[in-house]
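Trainee: Coordinates for the following, if possible.
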Amino acid sequence: MKETRLIQVRGKPLGGGTLPAIITPLVGKTQAEVLDEVAAIVPKKPDLLEWRIDFFQAIGDIPAVIDTAQAIRRAAGGIPVLLTRRNVTEGGQPLSIDEPAVVAMYKAACEAKCVELIDYELSNRPKDIKALRAISQANDIGMIMSYHNFQVTPDAATLDSKFIAARDLGADVGKVAVMPTGERDVLELLAATSRAREAVDIPLISMSMGGVGSLSRIMGWVYGSAATFAVGKSSSAPGQVAIEDLRTALAIVRRAVLGR
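Mentor: Alright, predicted model coming up:
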């Protein structure tokens, strides 16, 4: 069995190499709200802050985006920042700007080097994925390529194909998040993650959403997911667990699995 590949940020393993790295979302609508979230979350010491910019009212104002990202980093005490616009078709918020403006926002953030990672969906136009891959690499910004399905858990072949597509398109990290319609779907997601760990030579993030899916957020690292999401102040997806509760559960699982 291959070891789970660690997510790298600026040449160092996220979370110091402890699995899984813990990511917490920021979902404020204004800079003040986002910074209030940062102030509440930083003492809880997550490994990565995900700024869900689709919640941000000024997403179309590039100077405001860069200024807010820089303010987040100043307040984050060294915790790296992931910039994510989640497409409305994959569970994100409706936007007042079109996709070319979204791409321009990502490009500007990369060029300003005001975040450490970006997330962009595999469902986007290939030319946009290629353009953001080039600009992120040029500025030493990691790129997550992701797939989300808030309705169902697709079949095994589809799940496998999403991890493979992320690798083939040059992602630094491949992410798959799906909704279970029953407990067996959680097992399907974990099995797909395990297969991808063997077949795909990039770090992976995976999760099954919703209540029963929360088990994957606690156990996914055993099967190859390098990171998990937790609630620091506000949730960004169904099934996220409070960071304090997640740490308690992870400590129990680590002792059982690793003996420490």
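
Trainee: What about the residue nearest to residue 172 when sequence neighbours are not counted? Give its phi and psi, please.
Mentor: Leaving aside its chain neighbours, residue 172 sits nearest to residue 142 (4.4 Å; criterion: C-beta to C-beta, 6 or more residues apart in numbering). For every residue, glycine as well, the C-beta is placed using N, CA and C. Backbone torsions of residue 142, given as degrees, to the nearest 10, read phi -70, psi 150.

Trainee: Quick check: residue 49 is in a helix.
Mentor: No - counting by DSSP: H, G, I helix; E, B strand; the rest coil, residue 49 is located in no helix; its state is strand.

Trainee: Skipping its backbone neighbours, what lies nearest it in space?
Mentor: residue 81 (5.1 Å).

Trainee: Give me the neighbour count for the residue nearest to residue 172.
Mentor: Burial of residue 142 is recorded as 22 neighbouring residues (other C-beta atoms under 10 Å).

Trainee: From residue 16, how far off is it?
Mentor: As judged by C-beta to C-beta, to the nearest Å, residue 142 and residue 16 stand 16 Å apart.

Trainee: Residue 200 too?
Mentor: In this view, residue 200 and residue 16 are 23 Å apart by C-beta to C-beta.

Trainee: which one of the two has more residues nearby?
Mentor: Taking neighbours as other C-beta under 10 Å, residue 200 and residue 16 compare with residue 200 leading, 22 against 9.

Trainee: was I right about the more buried one contacting residue 161?
Mentor: No - contact criterion C-beta atoms under 8 Å: residue 200 and residue 161 do not qualify, at 10.9 Å.

Trainee: What pairs with the lowest-mean-pLDDT helix or strand in the chain, parallel or antiparallel?
Mentor: None of the helices or strands of the chain scores lower by mean pLDDT, DSSP states H and E than strand 241-242, at a mean of 86. Strand 241-242 pairs in its sheet with strand 227-231 (parallel), by DSSP bridges.

Trainee: Residues contacting the strand it pairs with, please?
Mentor: Here strand 227-231 makes contact (C-beta atoms under 8 Å, 6 or more residues apart in numbering) with 7, 14-15, 20-25, 46-48, 50, 205, 207, 217-218, 220-221, 236-237, 240-243, 246.

Trainee: show me the contacts for the nearest residue to residue 66 once chain neighbours are set aside.
Mentor: Computed as C-beta to C-beta, 6+ apart, the closest residue to residue 66 that is not its neighbour in sequence is residue 112, at 4.8 Å. Contacts for residue 112 (C-beta under 8 Å, 6+ apart) come out as 66, 69, 70.

Trainee: same question, residue 105
Mentor: 53, 59, 60, 62, 65, 85, 97.

Trainee: Please list only the buried members of these.
Mentor: Neighbour-count burial (16 or more other C-beta atoms under 10 Å) applied to these gives 53, 59, 60, 62, 65, 85.

Trainee: Those: which two are farthest apart?
Mentor: Greatest spacing in the buried ones among the contacts of residue 105, by C-beta to C-beta: 62 and 85 (12.9 Å).

Trainee: Mind listing the residues bridging to the residue nearest to residue 136 when sequence neighbours are not counted?
Mentor: Nearest non-adjacent residue to residue 136, counting by C-beta to C-beta, 6+ apart: residue 143, 4.6 Å away. Beta-bridge pairing for residue 143 (DSSP bridges): residue 118.

Trainee: correct me, but the residue nearest to residue 172 touches residue 173?
Mentor: Yes - using C-beta under 8 Å, residue 142 is in contact with residue 173, at 6.8 Å.

Trainee: Secondary structure for the buried ones among the contacts of residue 105 - can I get that in TSV?
Mentor: As requested, these are exported to TSV (three-state DSSP):
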residue	secondary structure
53	helix
59	coil
60	coil
62	helix
65	helix
85	coil
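
Trainee: ok, so of those, who is nearest residue 101?
Mentor: For the buried ones among the contacts of residue 105, the nearest to residue 101 is residue 60 (5.9 Å; C-beta to C-beta).

Trainee: quick one, what contacts that closest one?
Mentor: 96, 97, 101, 105.
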